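Engineer: sequence-free structure coming up:
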């Protein structure tokens, strides 16, 4: 197996792309798969041996909305860097691969992410709000795969379109749908989110779990009518450096993300080194122009996902 095969394998796993383009940073060396216990959706609600905590009271929908708007409601641009780590299992056993991640997001323009290794770019993924795409630069032949975000059926392409949803990266507010009811499960407050990015026609239900008390987001889950599902778990939050704004008002995004397909066979983690609201770096139309990127990367083949 060549040293680029692992990232080729990553690109074939759409549920992992969800986590990748929806979150970004961490400082120091990453420990991608050891998500803090406090961030684990299924963390036990016990204190000490044989002592259990009383049932938690569910927060209100209004409280969750206010908390999310305060967390990232003012975030419009983002440039983040970190490390992406992939673990997967196949007939040859368990594998691990690591690469550098550079992520840009501009509200109203789209998402762009580059994965490189030893300074050599292996993949470019992104969206413009209408289409999503991935350039597989080290495959043989190199290729561009793209699809429409508003898919008309719960197809493979519709699942891959979730890569364009910044909520799965924790960089856009996780807002409950109108009439949603908050439920306490597995130690978190869960609520169904409003539909966005073609989710209604794609037949997908998205819910988020929040830490009771702090209301920090801890997990986002997507369930398709066809029965497939995926999950992105968030670690502790980090500040997004924002020029001209007092530090106490800086947005907060997940420092670490872990994406898993239900069953846990494969997992992708993003650990961020830095996050900055940098308009000069992120508010650049060429980053979110698939046709322009195609001319730049010159993939040998191009295909529309079905």
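Structural biologist: Yep, it's here. Remember, it's a predicted structure, so these values are computed and weren't measured experimentally. Numbers count the residues shown, from 1 in each chain.

Engineer: Could you report the distance from residue 228 to residue 222?
Structural biologist: 9 Å (CB to CB, to the nearest Å). Bear in mind the C-beta positions are built from the backbone N, C-alpha and C, glycine included.

Engineer: who's more crowded, these two?
Structural biologist: Higher neighbour count among residue 228 and residue 222: residue 222, with 23 against 16, using other CB atoms under 10 Å.

Engineer: Helix or strand next in line after the least confident helix or strand in the chain by mean pLDDT, which one?
Structural biologist: Lowest by mean pLDDT, DSSP states H and E among the helices and strands of the chain is helix 14-20, with a mean of 38. Downstream of helix 14-20, the next assigned helix or strand under DSSP states H and E is helix 61-72.

Engineer: packing partners for that following helix?
Structural biologist: On a contact count with 3 or more CB pairs under 8 Å, 6 or more residues apart in numbering; DSSP states H and E, helix 61-72 meets strand 188-192, strand 252-254.

Engineer: Can you check which of those strands gets nearest to residue 293?
Structural biologist: strand 252-254 (24.9 Å; CB to CB).

Engineer: and the closest one, what other elements does it pack with?
Structural biologist: helix 61-72, strand 237-239.

Engineer: quick one: strands adjacent to that strand?
Structural biologist: strand 237-239 (antiparallel) (DSSP bridges).

Engineer: what pLDDT, on average, does the strand it pairs with get?
Structural biologist: The pLDDT scores in strand 237-239 average 98.

Engineer: Kindly report the same for stretch 118-126.
Structural biologist: So the average pLDDT for stretch 118-126 ends up being 89.

Engineer: Show me the beta-bridge partners of the nearest residue in space to residue 294 that is not next to it in sequence.
Structural biologist: Sequence neighbours aside, residue 144 is the residue nearest to residue 294 in space, at 5.9 Å (criterion: CB to CB, 6 or more residues apart in numbering). The partner list for residue 144 in beta bridges (DSSP bridges) reads residue 135, residue 302.

Engineer: Residue 300 versus residue 144, what's the distance?
Structural biologist: In terms of CB to CB, residue 144 sits 9 Å off from residue 300.

Engineer: Among these two, which residue is more densely surrounded?
Structural biologist: residue 144 (21 against 10).

Engineer: you'd agree that one is up against residue 298?
Structural biologist: No - applying CB atoms under 8 Å as the test, residue 144 and residue 298 come out as separate, 9.5 Å apart.

Engineer: Residue 129: how many residues sit nearby?
Structural biologist: Residue 129 has 16 nearby residues by other CB under 10 Å.

Engineer: For it, which non-adjacent residue is spatially closest?
Structural biologist: Here the residue nearest residue 129, using CB to CB, 6+ apart, is residue 110, at 5.7 Å.
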